[in-house]
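A.B. asks: Sequence and predicted structure, then a few things I'm wondering about:
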Amino acid sequence: MRIAVPGAGSVTGVRSGPADARWLFVYAPGAGSNVDDPFGRYAASALAGRGVATLRFQFPYMEAGRRSPDRPPVLEAAWRAALAHARGDAARIAAGGRSMGGRIASQVVAQGEKVDALALFAYPLHPPGKPGQSRDAHLPLLRVRTFFCSGTNDAFASPDELRAAAALVPRAHVYLLDGADHGFAVRKSSGRGRDEVYAEAVDAFARWLLRGARA
């Protein structure tokens with residue numbers, strides 16, 4: 001499908017999962033990925049088996065084949081357009097994504113976009129090696145249930161840093177992937193592959209999401 005982004009043309013969106021799903025997960029990839037990023041594809045397939053639909057989309061710069069991300073107002077406009085497109089498709093909407101995709105989702109939700117849950121995979125709390133440049137100023141403004149899921153070897157946020165950031169959010173849950181880095185890769189010596197890490201992350205998210213729906 002095409003999602004019109006005011007002032008920036010349109011971007012590709014892919015909707016998958018049950019047509020009558022009660023939950024729709026709107027997902028954006030990280031800065032170097034597009035609508036077909038491996039984690040997004042895996043999540044969409046796995047969530048469909050749990051009765052959760054997914055709408056994946058990419059940002060205008062990736063649609064145009066550029067490497068450098070759009071300026072924040074354009075990234076935020078793309079997220080607002082995707083959420084507007086999603087409304088009415090399911091009873092409840094969860095927004096989020098990997099790295100930058102999730103970070104921008106959290107910004108528009110903090111600014112007032114209405115969703116029922118937020119999922120931040122590999123949240124880029126700060127650039128690697130620069131903990132003083134923390135991207136947490138907007139987090140206290142979040143009022144929805146928020147799921148943080150990162151690897152314990154993520155250079156963009158250590159476990160302690162992630163827990164401290166999540167503590168700024170009134171309704172946050174933190175799930176750590178043992179040994180995983182920012183891309184959810186693990187060392188061969190762990191005996192696990194990336195798909196197994198993906199499965200753990202999505203399963204933890206689905207259990208959290210659906211448990212809250214029954215509460």
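C.D. replies: Arrived safely. Numbers count the residues shown, from 1 in each chain.
A.B. asks: So what touches the longest helix along the chain?
C.D. replies: Under DSSP state H, the helix in the chain containing the largest number of residues is helix 194-214. The contact list for helix 194-214 (Cβ atoms under 8 Å, 6 or more residues apart in numbering) reads 22-23, 25, 38-39, 42-43, 46-47, 50, 52, 92, 94, 117, 119, 121, 145, 147, 149, 151, 173, 175, 177, 180, 183-186. C-beta: built from backbone N, CA, C; applies to glycine.
A.B. asks: In helices, which of those residues fall?
C.D. replies: Going by DSSP H, the helices hold 38-39, 42-43, 46-47 from the contacts of helix 194-214.
A.B. asks: before we move on, the earlier item: which entries within the contacts of helix 194-214 meet the buried criterion?
C.D. replies: For the contacts of helix 194-214, a neighbour count by 16 or more other Cβ atoms under 10 Å gives the buried set as 23, 25, 39, 42-43, 46-47, 50, 52, 92, 94, 117, 119, 121, 145, 147, 149, 151, 173, 175, 177, 180, 183-186.
A.B. asks: Can you flag which of those residues belong to strands?
C.D. replies: Secondary structure assignment by DSSP state E places 23, 25, 52, 92, 94, 117, 119, 121, 145, 147, 149, 151, 173, 175, 177 of the buried ones among the contacts of helix 194-214 in strands.
A.B. asks: out of those residues, who's nearest Leu83?
C.D. replies: Leu83 lies nearest to Ala94 out of those, by Cβ to Cβ, at 10.8 Å.
A.B. asks: Now do that closest one against Ala43, distance only.
C.D. replies: According to Cβ to Cβ, to the nearest Å, Ala94 and Ala43 sit 11 Å apart.
A.B. asks: Name the residues contacting each of those two.
C.D. replies: Phe25.
A.B. asks: circling back: for the longest helix of the chain, output the C-alpha coordinates as CSV.
C.D. replies: The C-alpha trace of helix 194-214 is given here as CSV (Å, rounded to 0.1, in the frame of the first residue of the first chain):
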residue,chain,number,x,y,z
ARG,A,194,19.8,-14.4,15.4
ASP,A,195,16.5,-16.0,14.5
GLU,A,196,16.3,-17.5,18.0
VAL,A,197,16.9,-14.0,19.5
TYR,A,198,14.2,-12.6,17.2
ALA,A,199,11.9,-15.3,18.5
GLU,A,200,12.6,-14.5,22.1
ALA,A,201,12.1,-10.8,21.6
VAL,A,202,8.8,-11.1,19.7
ASP,A,203,7.5,-13.8,22.1
ALA,A,204,8.2,-11.5,25.1
PHE,A,205,6.5,-8.6,23.3
ALA,A,206,3.4,-10.6,22.4
ARG,A,207,3.0,-12.0,25.9
TRP,A,208,3.3,-8.5,27.3
LEU,A,209,0.9,-7.0,24.8
LEU,A,210,-1.8,-9.6,25.1
ARG,A,211,-1.5,-9.9,28.8
GLY,A,212,-2.2,-6.2,29.1
ALA,A,213,-5.2,-6.6,26.8
ARG,A,214,-6.8,-9.0,29.2
